[in-house]
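[1] give the three-dimensional model of this entry:
(one chain, ligands or ions: 1)
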Amino acid sequence: MLDRTDTKALQREAFRRDVIAGLSKVGKTLPARWLYDDRGSELFEEITRAPEYYPTRTETAILTDNAQAIAGLFGERAVVLEYGAGAGIKTEIVLAALARPRLYVPIDISGDFLKTSAERIRTRFPGLAVEPVTADFTEDFELPGDLPKPGRGAGRRGGFFPGSTIGNLDRGEATAFLKRVGRHVGPDGVAVIGCDLKKDIATLVAAYDDAVGVTAAFNLNILRRINRELSADIPVDDFVHEARWNAESSAIEMHLVAKAPVQFAIDGREFRLDRGETIHTENSRKYDVDSLSALAEAAGWRIETLWTDERKLFAVMGLVVR
Ligand code: AVI
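    So this is what the prediction gives:
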């Protein structure tokens, strides 16, 4: 019997279930969220510094160049809800520009991560109230009832979701997410969302298959995680990382491709892959202005401003509730 209060055990059971379900399908998949164990998170940090991975530095520059306009959208005494526990420097750029922010609410499923990033923000902004919320922001959840309401000593509520993580959600999930943010911020609310833009395929593929091989290590780490946490015997060296452009879904896909026929067991179940068969581990959707507008409108928002860089690599949407 699973102890329902043992979050580590619950997490491990959810991982086991997802892995077995994904690898039992005809087109094998693994959910991207499991890429981020401690090692995966470290590797992702490294990816953000790779010369080919333009999103992080481009978005940081957009936020820096437009910090005053973004602060104007949030307005005075804003309550800032950040989906994901603090995107480091990007969060700091926005918070530093705001006029007397009332409260910062980082929301993340990882309590440990949340604690560390809340502490960092408290140190950097000693006068700012910080109220972390532990929740999975990809699913419906309620905000604590005691958050200040707009009008009573607080300005409007604004959602902040940088990093183009919205691109890792499918269309239905992205729409549901934006609707959820709309419910959280209310009728006068705003949101600032980072999105990666469509561009030439060579630039996209290079960003997800860097020359040094950090993205490859990040992708392959999910197999090592399965071996480590589920006592499996996947021959990791028999797989290679591949980044593919899927024009139909407008997404870069990450795959793990079997170099040879592969056989392994997880939890007493046997799995086989033919040579060339793949495990699809992540989608990273790329948008253009029309598809971003359509997404925003379908979720009850309107794009008030679209901040972008000179080369139109990346966009930051300033949204208002319609
Ligand atoms: C977290 N997310 C926005 C990254 C992306 O670009 O889709 C994850 C990533 N996967 C490979 N490289 C980066």
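[2] okay, now the unreliable bits of the chain?
    Low-confidence segments of the chain (pLDDT under 70): 1-5, 86-87.
[3] element containing the one residue in it that gets nearest to the ligand?
    As assessed by C-beta to the nearest ligand atom, the ligand sits closest to Ser284 within the chain, at 3.3 Å. For the C-beta atoms, the positions are set from N, CA and C on the backbone; glycine is no exception. Element membership for Ser284 (DSSP states H and E) is strand 278-285.
[4] for the chain, which segments count as strands?
    Taking DSSP state E, the strands of the chain run over residues 28-29, 79-83, 103-108, 133-134, 157-161, 190-196, 239-246, 251-258, 262-266, 269-273, 278-285, 301-308, 314-321.
[5] list of residues touching the fourth one?
    With C-beta atoms under 8 Å, 6 or more residues apart in numbering as the test, strand 133-134 has contacts from 105-109, 111, 114, 141, 143-144.
[6] next: the fifth one.
    Around strand 157-161, the neighbours that count as contacts under C-beta under 8 Å, 6+ apart are 73-74, 78-84, 91, 94, 150, 177, 181, 184-186, 188-194.
[7] which PyMOL command selects the buried ones in those?
    Burial among the contacts of strand 157-161 is assessed by 16 or more other C-beta atoms under 10 Å; the matching PyMOL selection reads:
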select buried, resi 73+74+78+79+80+81+82+83+84+91+94+150+177+181+184+185+189+190+191+192+193+194
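[8] most neighbours out of the contacts of strand 133-134, which is it?
    In terms of neighbours by other C-beta atoms under 10 Å, the contacts of strand 133-134 top out with Pro106 at 25 neighbours.
[9] my guess is that residue contacts Leu128, does it?
    No: between Pro106 and Leu128 there is no contact under C-beta atoms under 8 Å: 11.6 Å.
[10] anything in contact with each of these two?
    With C-beta under 8 Å, 6+ apart as the test, Pro106 and Leu128 both reach Ile121.
[11] got the contact list for Pro31?
    18, 22.
[12] again, 6 Å this time
    Residues near Pro31 by C-beta atoms under 6 Å, 6 or more residues apart in numbering: Asp18.
[13] then Phe239?
    Per C-beta under 6 Å, 6+ apart, neighbours of Phe239: Leu256.
[14] same for the strand holding Ser284, what does it pack against?
    strand 251-258 (3 or more C-beta pairs under 6 Å, 6 or more residues apart in numbering; DSSP states H and E).
[15] and the contacts of the strand it packs on?
    204, 208, 219, 239-240, 242-246, 273, 275, 277-285.
[16] which residues in the stretch 101-250 of the chain form helices?
    Using DSSP state H, counting those that start in this stretch, the helices of the stretch 101-250 of the chain run over 111-124, 171-185, 201-207, 214-230.
[17] name the residues of stretch 83-103 that come out as buried.
    83-88, 90-95, 97-98, 101-103.
[18] what does stretch 22-39 give?
    22-23, 28-30, 32, 34-37, 39.
[19] now swap in stretch 298-317 and tell me
    299-301, 303, 305-309, 313-317.
[20] what is the nearest of the residues you listed to Ser250?
    Ala315 (14.1 Å; C-beta to C-beta).
[21] spatially nearest residue to that closest one (excluding sequence neighbours)?
    Thr308 (4.6 Å; C-beta to C-beta, 6 or more residues apart in numbering).
[22] any idea how far that neighbour is from Gly318?
    11 Å (C-beta to C-beta, to the nearest Å).
[23] now Arg12
    Counting by C-beta to C-beta, the gap from Arg12 to Gly318 is 40 Å.
[24] and what of Trp307?
    7 Å.
[25] any residues of the chain in contact with the ligand? List them.
    Residues of the chain lying near the ligand by C-beta under 6 Å from any ligand atom: 47, 55, 163-165, 167-168, 208, 215, 282, 284.
[26] again, only using 8 Å
    32, 35, 44, 47-48, 53, 55, 163-165, 167-168, 196, 207-208, 215, 218-219, 243, 252, 254, 282, 284 (C-beta under 8 Å from any ligand atom).
[27] could you single out the most deeply buried of the helices of the stretch 101-250 of the chain?
    helix 214-230 (a mean of 20; mean count of other C-beta atoms under 10 Å).
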